[in-house]
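Engineer: Build me a structure from this.
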Amino acid sequence: MGFVVLGAMALYLLVSILVVTGAVKYARTNGKSAARWGTGAALVMYLLVFWDHIPTIVTHKYYCDKEAGFWVYKTPEQWKKENPGVMETLVANKEAPFKIKGVEPNYTNTSFLNQRFNWVVKYFGQSFPNQWRHEQEVVDGKTGEVLARYIDFSTAQGKYGGGWYGWKFWLRSDHCSAGGQNQDALRNFRNNFMGAEK
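Structural biologist: Residues are numbered from 1 along each chain as shown. Sure thing, here's the model as predicted:
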(Lines give C-alpha, C1' and ligand atoms only; values in the text may rest on other atoms or scores of the structure.)
Protein backbone atom coordinates (compact mmCIF):
# COMPACT_ATOMS: atom_id res chain seq x y z
CA MET A 1 0.00 0.00 0.00
CA GLY A 2 2.87 2.33 0.82
CA PHE A 3 4.32 1.84 -2.66
CA VAL A 4 0.97 2.65 -4.22
CA VAL A 5 0.74 5.91 -2.23
CA LEU A 6 4.35 6.85 -3.02
CA GLY A 7 3.77 6.02 -6.67
CA ALA A 8 0.64 8.16 -6.78
CA MET A 9 2.49 11.05 -5.12
CA ALA A 10 5.40 10.77 -7.57
CA LEU A 11 2.97 10.71 -10.50
CA TYR A 12 1.12 13.76 -9.14
CA LEU A 13 4.42 15.60 -8.68
CA LEU A 14 5.39 14.81 -12.27
CA VAL A 15 2.00 16.00 -13.58
CA SER A 16 2.33 19.17 -11.48
CA ILE A 17 5.77 19.91 -12.93
CA LEU A 18 4.43 19.39 -16.46
CA VAL A 19 1.43 21.68 -15.77
CA VAL A 20 3.62 24.45 -14.33
CA THR A 21 6.13 24.11 -17.19
CA GLY A 22 3.31 24.22 -19.71
CA ALA A 23 1.81 27.32 -18.08
CA VAL A 24 5.18 29.11 -18.18
CA LYS A 25 5.71 28.20 -21.86
CA TYR A 26 2.18 29.35 -22.72
CA ALA A 27 2.77 32.67 -20.93
CA ARG A 28 6.09 33.29 -22.72
CA THR A 29 4.75 32.51 -26.18
CA ASN A 30 1.73 34.77 -25.63
CA GLY A 31 3.56 37.73 -24.06
CA LYS A 32 2.17 37.20 -20.58
CA SER A 33 3.93 37.11 -17.20
CA ALA A 34 5.67 33.74 -16.90
CA ALA A 35 6.11 34.24 -13.13
CA ARG A 36 2.39 34.84 -12.58
CA TRP A 37 1.25 31.97 -14.77
CA GLY A 38 3.82 29.58 -13.29
CA THR A 39 2.95 30.59 -9.72
CA GLY A 40 -0.77 30.37 -10.44
CA ALA A 41 -0.44 26.89 -11.95
CA ALA A 42 1.72 25.70 -9.01
CA LEU A 43 -0.83 27.10 -6.54
CA VAL A 44 -3.72 25.35 -8.29
CA MET A 45 -1.87 22.03 -8.32
CA TYR A 46 -0.97 22.43 -4.63
CA LEU A 47 -4.51 23.35 -3.57
CA LEU A 48 -6.10 20.43 -5.44
CA VAL A 49 -4.63 18.08 -2.81
CA PHE A 50 -3.37 20.21 0.08
CA TRP A 51 -6.18 22.80 0.37
CA ASP A 52 -7.11 21.61 3.89
CA HIS A 53 -3.56 21.11 5.24
CA ILE A 54 -3.02 24.53 6.83
CA PRO A 55 -6.63 24.89 8.12
CA THR A 56 -6.35 21.43 9.73
CA ILE A 57 -3.08 22.26 11.50
CA VAL A 58 -4.29 25.68 12.68
CA THR A 59 -7.65 24.37 13.91
CA HIS A 60 -6.06 21.41 15.70
CA LYS A 61 -3.62 23.69 17.52
CA TYR A 62 -6.47 26.05 18.47
CA TYR A 63 -8.62 23.28 20.00
CA CYS A 64 -5.62 21.66 21.70
CA ASP A 65 -4.58 24.96 23.28
CA LYS A 66 -8.11 25.99 24.28
CA GLU A 67 -9.89 22.80 25.36
CA ALA A 68 -7.56 19.79 25.71
CA GLY A 69 -6.13 18.57 29.00
CA PHE A 70 -6.55 16.38 32.07
CA TRP A 71 -8.35 17.56 35.21
CA VAL A 72 -8.89 15.91 38.59
CA TYR A 73 -11.90 17.37 40.39
CA LYS A 74 -11.81 15.00 43.34
CA THR A 75 -8.99 12.67 44.37
CA PRO A 76 -9.61 9.07 45.52
CA GLU A 77 -8.66 10.14 49.04
CA GLN A 78 -11.20 12.98 49.03
CA TRP A 79 -13.93 10.65 47.74
CA LYS A 80 -13.15 8.02 50.37
CA LYS A 81 -13.27 10.66 53.09
CA GLU A 82 -16.71 11.82 51.92
CA ASN A 83 -17.96 8.22 51.53
CA PRO A 84 -16.40 6.27 54.42
CA GLY A 85 -16.40 2.50 54.05
CA VAL A 86 -17.98 2.47 50.57
CA MET A 87 -14.82 1.85 48.54
CA GLU A 88 -14.15 -1.39 50.42
CA THR A 89 -17.56 -2.75 49.31
CA LEU A 90 -17.04 -2.18 45.58
CA VAL A 91 -16.46 -5.21 43.34
CA ALA A 92 -15.10 -4.88 39.79
CA ASN A 93 -17.47 -5.99 37.02
CA LYS A 94 -15.93 -9.05 35.38
CA GLU A 95 -18.31 -8.96 32.42
CA ALA A 96 -17.38 -5.32 31.64
CA PRO A 97 -20.98 -4.26 30.95
CA PHE A 98 -21.45 -1.08 28.94
CA LYS A 99 -24.07 1.05 27.23
CA ILE A 100 -23.63 2.91 23.94
CA LYS A 101 -25.69 5.98 23.09
CA GLY A 102 -25.54 7.49 19.60
CA VAL A 103 -24.00 6.30 16.35
CA GLU A 104 -20.35 6.37 15.27
CA PRO A 105 -18.57 8.67 14.97
CA ASN A 106 -20.73 10.66 17.44
CA TYR A 107 -21.44 8.46 20.42
CA THR A 108 -21.01 7.93 24.15
CA ASN A 109 -19.85 4.60 25.59
CA THR A 110 -20.50 4.17 29.32
CA SER A 111 -18.66 1.27 30.99
CA PHE A 112 -19.94 0.23 34.42
CA LEU A 113 -16.75 -0.38 36.40
CA ASN A 114 -18.60 -1.58 39.51
CA GLN A 115 -21.81 -0.87 41.41
CA ARG A 116 -20.84 2.77 41.93
CA PHE A 117 -18.43 4.09 39.25
CA ASN A 118 -18.68 4.55 35.50
CA TRP A 119 -16.08 5.25 32.85
CA VAL A 120 -17.61 7.44 30.14
CA VAL A 121 -15.94 7.72 26.73
CA LYS A 122 -17.33 10.31 24.28
CA TYR A 123 -16.46 10.79 20.60
CA PHE A 124 -17.54 13.77 18.52
CA GLY A 125 -16.68 14.33 14.88
CA GLN A 126 -16.14 15.25 12.24
CA SER A 127 -15.78 18.98 12.74
CA PHE A 128 -14.43 21.06 9.88
CA PRO A 129 -11.68 20.61 8.95
CA ASN A 130 -10.88 17.01 9.91
CA GLN A 131 -11.22 17.38 13.71
CA TRP A 132 -12.43 14.70 16.13
CA ARG A 133 -12.96 15.40 19.84
CA HIS A 134 -12.27 12.63 22.38
CA GLU A 135 -13.43 12.91 25.97
CA GLN A 136 -13.20 10.46 28.88
CA GLU A 137 -14.56 10.81 32.41
CA VAL A 138 -14.63 8.88 35.66
CA VAL A 139 -18.13 9.43 37.06
CA ASP A 140 -19.77 8.61 40.37
CA GLY A 141 -22.81 6.75 39.06
CA LYS A 142 -24.89 7.49 42.13
CA THR A 143 -24.43 11.26 42.23
CA GLY A 144 -23.44 11.96 38.61
CA GLU A 145 -20.35 13.80 39.85
CA VAL A 146 -17.39 13.84 37.44
CA LEU A 147 -14.22 13.02 39.40
CA ALA A 148 -11.75 13.42 36.54
CA ARG A 149 -11.87 14.33 32.85
CA TYR A 150 -9.55 14.06 29.85
CA ILE A 151 -10.15 15.89 26.54
CA ASP A 152 -8.11 15.41 23.38
CA PHE A 153 -8.37 16.07 19.63
CA SER A 154 -7.24 14.11 16.60
CA THR A 155 -7.21 14.81 12.88
CA ALA A 156 -8.18 12.40 10.08
CA GLN A 157 -7.65 9.57 12.52
CA GLY A 158 -8.29 5.84 12.35
CA LYS A 159 -11.47 4.52 10.83
CA TYR A 160 -12.99 8.00 11.06
CA GLY A 161 -10.31 9.29 8.72
CA GLY A 162 -11.34 6.95 5.94
CA GLY A 163 -12.39 7.84 2.43
CA TRP A 164 -10.36 10.53 0.72
CA TYR A 165 -8.83 11.69 4.02
CA GLY A 166 -7.50 8.19 4.67
CA TRP A 167 -4.97 8.83 1.88
CA LYS A 168 -3.88 12.18 3.35
CA PHE A 169 -1.46 10.77 5.91
CA TRP A 170 0.11 14.20 6.40
CA LEU A 171 -3.11 15.35 8.11
CA ARG A 172 -3.00 12.60 10.71
CA SER A 173 -2.42 13.53 14.35
CA ASP A 174 -3.72 11.09 16.95
CA HIS A 175 -3.41 13.45 19.93
CA CYS A 176 -2.65 16.94 21.08
CA SER A 177 0.97 17.42 22.22
CA ALA A 178 0.36 15.94 25.70
CA GLY A 179 -2.69 13.90 24.75
CA GLY A 180 -1.15 10.46 25.14
CA GLN A 181 0.18 11.25 28.62
CA ASN A 182 -3.15 12.77 29.64
CA GLN A 183 -5.01 9.68 28.44
CA ASP A 184 -2.68 7.45 30.47
CA ALA A 185 -3.14 9.72 33.51
CA LEU A 186 -6.94 9.39 33.27
CA ARG A 187 -6.70 5.59 32.96
CA ASN A 188 -4.38 5.40 35.97
CA PHE A 189 -6.83 7.56 37.90
CA ARG A 190 -9.71 5.28 36.84
CA ASN A 191 -7.86 2.23 38.15
CA ASN A 192 -8.21 3.60 41.72
CA PHE A 193 -11.98 3.18 41.42
CA MET A 194 -12.22 -0.25 39.78
CA GLY A 195 -13.10 -2.12 42.96
CA ALA A 196 -11.84 -5.45 44.27
CA GLU A 197 -11.56 -8.39 41.87
CA LYS A 198 -13.54 -11.37 43.12
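
Engineer: which other helices and strands contact the one helix or strand Val4 maps to?
Structural biologist: In this structure, Val4 sits in helix 2-29 according to DSSP states H and E. Contact here means 3 or more CB pairs under 8 Å, 6 or more residues apart in numbering; DSSP states H and E; on that basis helix 2-29 packs against helix 34-50. (Each C-beta comes from the backbone N, C-alpha and C, glycine too.)

Engineer: what's the following helix or strand after the helix it packs on?
Structural biologist: With DSSP H and E, the next secondary element past helix 34-50 is helix 53-67.

Engineer: Identify each buried residue in that following helix, please.
Structural biologist: Across helix 53-67, burial judged by 16 or more other CB atoms under 10 Å covers 53, 56-57, 59-60, 63-64.

Engineer: Within the sheet, what are the partner strands of the following helix or strand past it, with directions?
Structural biologist: Later in the chain than helix 53-67, the nearest helix or strand by DSSP H and E is strand 69-72. The pairing partners recorded for strand 69-72 under DSSP bridges are strand 146-155 (antiparallel).

Engineer: What is the burial count for Leu13?
Structural biologist: 11 (other CB atoms under 10 Å).

Engineer: Let me know the distance separating it from Lys80.
Structural biologist: In this view, Leu13 and Lys80 are 61 Å apart by CB to CB, to the nearest Å.

Engineer: Could you chop this structure up by domain?
Structural biologist: 1-51, 52-191 (automatic domain parsing).

Engineer: hmm, which helix or strand of the protein has the shakiest average pLDDT?
Structural biologist: helix 2-29 (a mean of 88; mean pLDDT, DSSP states H and E).

Engineer: Quick check: buried residues in that one?
Structural biologist: Buried residues in helix 2-29, counted by 16+ other CB under 10 Å: 16, 20, 23-24, 27.
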